[in-house]
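Visitor: Okay, predicted coordinates and the sequence, questions at the end:
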Amino acid sequence: MINIQGLSFYYNDSKEPALDNINLNINVGEFVGVIGPTGAGKSTLTLCFNGVIPHFQRGDFYGEVKVDDKDTVETDCARLAYSVGSVFQDPEAQIVSSIVEDEIAFGLENLNIPREEISTRIKESLEMTGISDLRHSSTTQLSGGQKQRVAIASAIALRPKVLVLDEPTSELDPQGSQDIFNILKRLNDVYKITIIVVEQKIQLLTEYCNRLVVMNKGTIILDGPIRTVLGKQEILEKIGVHCSPVTHLVYMLKKQGLYQGELPINVEESYILLNNVLRGIKDGV
Amino acid sequence: MVEYIQSDSLFHKLNPITKLLWTFAVLILNDPIAIFVILFSNLLIASVSGIIKQILPVIKALFIFSFILILCQIFFVNEGKTLFYAIPYFNLGKVTDIGLDMSLVMSFRMVATVSTIPILMMTTPMTDMVVVLVEKLKIPFKYAFMFITALRFIPTFMGEMEQILQAQMSRGYHSDTKNPFKKLIIIIPLAIPLLVSSIKKIEKMAISMEVRGFASGPRSNYRKVSMNTYDYYAISVFIIIIIGSLLFL
Amino acid sequence: MIEINNLSYQYNNGSKVLKNININIKSGEFVAIIGQNGSGKTTLMKHLNGLLKATDGKITVCGMDASKTKTSILASKIGFLFQNPDHQIFCSNVFDEIAFGLKNLEVPRSDIESLVNEAAIKVGIEMYMHTDPFSLSKGQRQRVALASVLAMGTEVLVLDEPTTGQDYSEGLEIMEIVKELNLQGITIIMVTHDMELVALYAKRVIIIKDGTVLEDGPTEEILAKEESLALSCLKPPQIYSLAKKFHKQGFFKDSYTVEDMFDEIICYLEGERDASNG
């Protein structure tokens, strides 16, 4: 689905690489979380999936990025849009139109999709994101969470195989954030869209993704199933990435030799294994 | 002020062309009474469309501006019967009946025509406007879109301005100074953050558009903007009013 | 310090955003105000320094009637740190940026330099004094904004979502500085929806729902009230939820942090081991 080899990128006038020799392969149907401290290059990486780098953002680009068998250097953003949908942090700055259905139609119109087809796709996108009732609403009067859902609906209207999101819940409250992740889960489970999310809300992210990529200073330092990556807490702490408190608690017990199983990612799992630990059973679940 | 307000009123249903025609129709009329009638009908249309609350501040501002215009104009007209002097003792500031007439016409016409624009913007979805500009007025899509998007961003920037003002006031910033030069300098703590945040927002917007294939080739149109029965009725009413006023007033 | 009596606020169109709020905050407290988006917590916050004026009721901040005093005057007593530092940065160097508030308060020139330097050292940006703030990272810009408020020497500091949009270590740095300030006697009011943050730093929690005070009390007590939190679409911090599950078994009744729980587990297991050995 996505194959990246030897990717390095320097922003204009910069001597330090924003991305330094990235190698990454993502398969169809995965739900990947990308985490790391500020300045690690996470946003820069997402811009490489959708072609903004190198077509829109100038700089020195090395290596190869292939999305859905298309080379991002040789394919322009518009054609990449058929394969990759993008959602960004700021709900305000993504919405172009004054009415929700026009916003969803925007990308479809740009790519000259016929009118009847547009109508069908609008309906589908709205259903997939659970906002069919907002079809004729004015976009300026929506809440932040609703705006992000419109942004997602607009991105998936082109039926991309991959959806890339850069801190989509940054400006949302806990309920709004959870709603967004529930939608992403549905898109991943039901519609088989590959999801790549950059997030700072690790507690929330780890409950949904199945693979975690950790970046620092432009490189990928960890990449694997969530529990395995979370198990490397020393590395994570060193770069300033903080996991869920319950995961950290069990990690501390593991270091003490009181537990040998996998790390939990939520309260329910922690409860079960902690019960066992208190009864002296080391293997947990 | 130029935000689209959703509603199901008659005016919302009209084709933008019809509304544009109505905006221009007012320019033809000369008689103060006819113009006053148009102004009144604007207010009527605004209330029927459910946007009267947003229109009233605009009308108020326009009247204040037009009053200033009247003052600039009225003292320079010498024809006609003198009605009174602004400063009677020195016989300065002559106000004649023709002068008064002309000034009133000019100011009412300005208020009447200009007030049609916010009504137009508030009752027409942005994409319809773009479609009309591109299809009927043959303006290239990029420019029509640029123009409309600039308008669409006005409420966003006003919101940013509000937040910036609050942030600076919380640091003790105040803008009460009588000195006009100081008044210019005092804008800086507001202007610079606004400029910076506007540029950032625009850049993000540009990327968001780019990844959805903006300006990458020929474009289809989702919205169909066509004339319907209401439009024909409305246009007939305009024509009747215009002819009637030209003949009888 | 801050007395809010029957405060109400409604928009021009009549919709009531705040209804009969009564809150008393004493000097030196560390209070978190939480609630979902639209609950009125931000509106309430803006009443504290006069950005919004109450339509009914009274609010006194450090002896001044906040509904009748200009924000620029209240700024000498109560400082605000907003979410987005880019909404206030406009100077060409960090020194001037930090000095801005002091100039507004008409602090004598001779005092400005030392106050600015002190504030910069407190937040750890003294090496950037002559740097263009726009060239700094977002986390550093937030610290410039913080220094700018600190320099004004206010008795109360209000934080609006201090960790939103930041990574963990940046947020932690800011919070540790704030904690230190609180230990020195500055009253802290924090509006946030980060429950882990509330659990770590706040001593008192006020939940605002639909424009009224739903709960008001010590942190451990309020964060344990799952029903009240649920009403506001908030979840308790993870450790609280986990600890609660064991209350029936008699565990973790006073454990509120990872360290507390860890220590209690170690103690218990050692106790069990000793019991079975001895």
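Guide: In hand now; what should we look at? Numbers count the residues shown, from 1 in each chain, chains lettered A, B, ... in the order given.
Visitor: just for chain A, where's the confidence low?
Guide: For chain A, the stretches flagged by pLDDT under 70 are A:281-285.
Visitor: That one: helices as residue ranges?
Guide: A:42-49, A:52-55, A:77-80, A:100-110, A:115-128, A:144-156, A:174-189, A:202-205, A:226-230, A:233-239, A:245-255, A:267-278 (DSSP state H).
Visitor: got the ones you listed as TSV, with mean neighbour count and distance to chain B columns?
Guide: C-beta: built from backbone N, CA, C; applies to glycine. What follows is the helices of chain A, written out as TSV (neighbours: other Cβ atoms under 10 Å in any protein chain shown; distance: least, Cβ to the nearest Cβ, whole Å):
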stretch	mean neighbour count	distance to chain B
helix A:42-49	24	8
helix A:52-55	20	6
helix A:77-80	20	3
helix A:100-110	25	4
helix A:115-128	17	5
helix A:144-156	25	7
helix A:174-189	19	17
helix A:202-205	21	22
helix A:226-230	21	28
helix A:233-239	16	27
helix A:245-255	22	33
helix A:267-278	19	36
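Visitor: How much space separates B:I70 from chain A?
Guide: To chain A, B:I70 is 36 Å away according to Cβ to the nearest Cβ, to the nearest Å.
Visitor: near chain C, which residues of chain B show up?
Guide: With the criterion set to Cβ under 8 Å from any Cβ of the partner chain, chain B comes near chain C through B:160, B:163-164, B:166-174, B:188-189, B:191-193, B:196-197, B:200.
Visitor: just checking, A:V150 touches A:I99?
Guide: No - A:V150 is beyond contact range of A:I99, at 10.1 Å (criterion: Cβ atoms under 8 Å).
Visitor: one step back: just the buried residues from the residues of chain B next to chain C, in ChimeraX please.
Guide: Buried subset of the residues of chain B next to chain C, written as a ChimeraX selection, criterion 16 or more other Cβ atoms under 10 Å in any protein chain shown:
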select /B:160,163,164,166,167,168,169,170,171,172,173,189,192,193,196,197
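Visitor: out of the residues of chain B next to chain C, who's near chain A?
Guide: B:K200.
Visitor: In helices, which of the residues of chain B next to chain C appear?
Guide: B:160, B:163-164, B:166-169, B:188-189, B:191-193, B:196-197, B:200.
Visitor: Among those, which one sits closest to C:E173?
Guide: B:A167 (21.0 Å; Cβ to Cβ).
Visitor: Leaving out chain neighbours, which residue sits closest to C:I186?
Guide: Of all residues not flanking C:I186 in the chain, C:L157 sits nearest, at 5.6 Å (Cβ to Cβ, 6 or more residues apart in numbering or on different chains).
Visitor: same check, this time on B:L190
Guide: B:I164 (5.7 Å).
Visitor: Would you confirm that that neighbour contacts C:H87?
Guide: Yes - the pair B:I164 / C:H87 is scored as a contact, 4.8 Å apart, by Cβ under 8 Å.
Visitor: which two from the ones in helices among the residues of chain B next to chain C end up farthest apart in space?
Guide: Taking Cβ to Cβ, no two of these sit farther apart than B:M169 and B:K200, at 22.1 Å.
Visitor: picking that back up, tell me the one among the ones in helices among the residues of chain B next to chain C nearest to A:Y10.
Guide: B:K200 (21.6 Å).
Visitor: which element is C:Q142 on?
Guide: helix C:138-150 (DSSP states H and E).
Visitor: after the helix or strand hosting B:I33, next one along is what?
Guide: Here B:I33 is covered by helix B:32-48, with elements defined by DSSP H and E. If you walk from helix B:32-48 toward the C-terminus, the next helix or strand you reach (DSSP H and E) is helix B:52-74.
Visitor: Pairing partners for the spatially closest residue to A:F49 that is not a sequence neighbour in the sheet, please.
Guide: For A:F49, ignoring the flanking residues on the chain, the nearest one in space by Cβ to Cβ, 6+ apart is A:V164 at 5.0 Å. Partner residues in beta bridges with A:V164, using DSSP bridges, are A:S86, A:I196.
Visitor: Next SSE downstream of the helix holding C:Q142?
Guide: Where DSSP H and E defines the elements, the next helix or strand beyond helix C:138-150 is strand C:156-160.
Visitor: what about dumping the CA coordinates of that next one to PDB?
Guide: Only the C-alpha atoms of strand C:156-160 are listed here, as PDB (Å, rounded to 0.1, in the frame of the first residue of the first chain):
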ATOM      1  CA  VAL C 156      -3.600  35.300  40.200                       C
ATOM      2  CA  LEU C 157      -2.700  33.400  37.100                       C
ATOM      3  CA  VAL C 158      -5.400  31.900  34.800                       C
ATOM      4  CA  LEU C 159      -4.400  29.200  32.400                       C
ATOM      5  CA  ASP C 160      -6.600  28.400  29.400                       C
END
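Visitor: by contact count, what packs against it?
Guide: helix C:41-48, strand C:78-81, helix C:168-183, strand C:187-191 (3 or more Cβ pairs under 8 Å, 6 or more residues apart in numbering or on different chains; DSSP states H and E).
Visitor: near chain B, which residues of the stretch 151-278 of chain C show up?
Guide: So the stretch 151-278 of chain C meets chain B at C:M152 (Cβ under 8 Å from any Cβ).
Visitor: again, 10 Å this time
Guide: C:A151, C:M152, C:V158, C:D160 (Cβ under 10 Å from any Cβ of the partner chain).
Visitor: could you flag which of those residues are buried?
Guide: For these, a neighbour count by 16+ other Cβ under 10 Å gives the buried set as C:A151, C:M152, C:V158, C:D160.
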